[in-house]
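S.K.: One predicted model, sequence on top.
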Amino acid sequence: MTAADDQADVEKVIAGDISAFEGLVRRWQGPLVNLAYRFCRDRGRAEEMAQEAFLRTYRSLSGWRRESTFSTWLFALATNLYCSELRRIPARTSALDDIVEPRDPRAMDETYEAEDRDRLVHRAVFALPAKYREAVILFYFHDLDVAEAAASLGLPQGTVKARLSRGRDMLRRKLSPHFAAPELGREAS
């Protein structure tokens, strides 16, 4: 999967070869469904949201100005769609204070402990206010850098950095009683 493959398929579609869109869907369906799932935590809804993102992508292909890679443009379009969809019909969320603590770590092996930790972290991220959650999801779960996350969200990079910082602070406060030193991965630079 390369940017050149994406660009070639886009040019074919714009030239009238509608079947070339299948290559784009094949390459990006998994990542778009996963991105949607990170926003709504409902597999069926995530698949519907990704399908809508592809429909909008198809309709907007001629609007891609090639100032960024196709994938960055696609993720920006999808992120905007997902955010709009969740404002229209919010996902069920839990308050940070309502997150259930993991089982007693002394009573389980490392596999269960890791699963509980991951589940707790994901639930805590999903409980963040939307503006922080969106930045954290794109940066940490989808490995976008600050510039790509900012482009996806249509925000300045400084705003994304601030939201990542605030989101990490909220997560640290919530998760610190559960972990000696919560691992949040890479820092935004």
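M.R.: Perfect, thanks for sending it.
S.K.: List the contacts of stretch 51-58.
M.R.: 13, 21, 24-25, 28-29, 32, 36, 74, 77-78, 81-82, 85 (Cβ atoms under 8 Å, 6 or more residues apart in numbering). C-beta: built from backbone N, CA, C; applies to glycine.
S.K.: Repeat that for stretch 5-16.
M.R.: 20-21, 23-24, 27, 58, 61-62, 64, 66, 69-71.
S.K.: Restricted to helices, list those residues.
M.R.: 21, 23-24, 27, 58, 70-71 (DSSP state H).
S.K.: Take those and, keeping just the buried ones, write it as a ChimeraX select command.
M.R.: Selection of buried members from these for ChimeraX, criterion 16 or more other Cβ atoms under 10 Å:
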select :21,23,24,27,70,71
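S.K.: Filter the contacts of stretch 51-58 down to the buried ones, ChimeraX style.
M.R.: Remark: buried members of these, expressed as a ChimeraX selection using 16+ other Cβ under 10 Å:
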select :13,21,24,28,32,36,74,77,78,81,82,85
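S.K.: Tabulate the contacts of stretch 51-58 in TSV, adding columns for distance to Asp143.
M.R.: Shown next, in TSV, are those (distance: Cβ to Cβ, whole Å):
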residue	distance to Asp143
Val13	27
Phe21	25
Leu24	20
Val25	21
Trp28	15
Gln29	18
Leu32	15
Ala36	16
Leu74	15
Leu77	19
Ala78	15
Leu81	20
Tyr82	17
Glu85	23
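S.K.: among the contacts of stretch 51-58, which are in helices?
M.R.: Counting by DSSP H, these contribute 13, 21, 24-25, 28-29, 32, 36, 74, 77-78, 81-82, 85 to helices.
S.K.: need the next SSE after the helix or strand containing Ala151, C-terminal direction.
M.R.: Taking DSSP states H and E as the definition, Ala151 sits inside helix 146-153. Later in the chain than helix 146-153, the nearest helix or strand by DSSP H and E is helix 157-175.
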